[in-house]
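# Sequence unavailable; structure follows:
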């Protein structure tokens, strides 16, 4: 059974299709790049998978079951914008997550934060944007989930921190789970991807094994993407 | 050692090349047990699936083998490793001569330059 299966999914706002007839299958043990330009529909798709938006048509199945309360337990989602209460200290947020999610590993979160040189006694509001992003990622990766969905996890961070974040994703990724990373910063993350999904104007243009695509086109994923979606 | 990858070439092929050099240079010796896929993936900073693919490729070339439930080992066939070394050295030598040819130097002259280099 597929970890995630999407069948004929359509989402429209005001009679305009934001996503149109999306069909996808994602199995366990993969790191998948959801790649698309701004406004392609990446975040809408992610919000639908997380049951935060209502679909217009189609089906979204997690391990063969419709999404809902059960799927929220097994999906760990990092939204594009943080929802953390910035007046809280990191340690308070850890307690909050522990109360909220059965599968949250607080010890792991503390260890990762320590590795990243973050102070759990600091208030979120006193942290830089990059530090806040790291905290968000650590919290999400510290849940023992089946599917991790990271929406633009690298947006506001410097290249050195980006490498650190990628390493954190790699070393915390286990073979029973999958990770979907949405981004337009393709060259930074492509080396860790198993599969890529290109999305444009609300449609899936391509789903492929990353190395097979490189072999076929003799180009980087970034370059293939640029050529395919060249603004004319 | 810092590993750099060219995104234009399949990552597993590049990992495979690094692994071949490890075998040729004896970082991992004939018959020696190899680290786990996960350990390798952490070292190279690549996806474990990519590492798995590179190791599968090495295995299909008989350079490593899997002992059931016990992990992966370097081949005991020393000839195979020397053959690999020989091929690799030939490729390096060829590319040196090609480069020299481009600037108008023949084989004899090229060798003189080689002899002039102090190790």
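Great, that's in hand. Just so it is clear, the model here is predicted, and its values are computed rather than measured. Numbering: from 1, shown residues only, chains lettered A, B, ... in the order given.

# contacting residues for the one residue sitting closest to the centre of chain B?
With distances taken as Cα atoms, centre = their mean, residue B:20 lies nearest the centre of chain B, 2.3 Å away. By Cβ atoms under 8 Å, 6 or more residues apart in numbering or on different chains, the contact set of residue B:20 is B:58, B:63, B:84, B:88. For the C-beta atoms, the positions are set from N, CA and C on the backbone; glycine is no exception.

# ok, 10 Å please
With contact set as Cβ atoms under 10 Å, 6 or more residues apart in numbering or on different chains, residue B:20 has these partners: B:54, B:57, B:58, B:61, B:63, B:81, B:84, B:85, B:87, B:88.

# So the residue lying closest to residue A:1 once chain neighbours are set aside versus residue A:7, what's the distance?
For residue A:1, ignoring the flanking residues on the chain, the nearest one in space by Cβ to Cβ, 6 or more residues apart in numbering or on different chains is residue A:64 at 5.0 Å. According to Cβ to Cβ, to the nearest Å, residue A:64 stands 12 Å off from residue A:7.

# Please identify which helix or strand holds residue 23.
Because you didn't say which chain, this covers chain A. strand A:16-26 (DSSP states H and E).

# nope, chain B
Using DSSP H and E, residue B:23 sits within helix B:11-24.

# Give me the average confidence score over that helix.
For helix B:11-24, mean pLDDT rounds to 95.

# can you give me how far that helix is from the chain middle?
From the chain centre to the centre of helix B:11-24 is a distance of 4 Å (Cα atoms, centre = their mean, to the nearest Å).

# and what of stretch A:217-231?
Distance, centroid of stretch A:217-231 to centroid of chain: 22 Å (Cα atoms, centre = their mean).

# can you check stretch B:46-57 too?
With Cα atoms, centre = their mean, you get 15 Å for stretch B:46-57.

# and chain B, what are its domains?
B:11-76, B:79-116 (automatic domain parsing).

# Any buried residues in the shortest one, and which?
Meaning domain B:79-116. Neighbour counts over domain B:79-116 (16 or more other Cβ atoms under 10 Å in any protein chain shown) mark B:80, B:81, B:84, B:85, B:88, B:100, B:110 as buried.

# just those that are near chain A?
Filtering the buried residues of domain B:79-116 for proximity to chain A by Cβ under 10 Å from any Cβ of the partner chain leaves nothing.

# re the thing from before, out of the contacts of residue B:20, who's nearest chain A?
Proximity of the contacts of residue B:20 to chain A (Cβ to the nearest Cβ) peaks at residue B:54, which lies at 10.0 Å.

# Great, nothing more from me.
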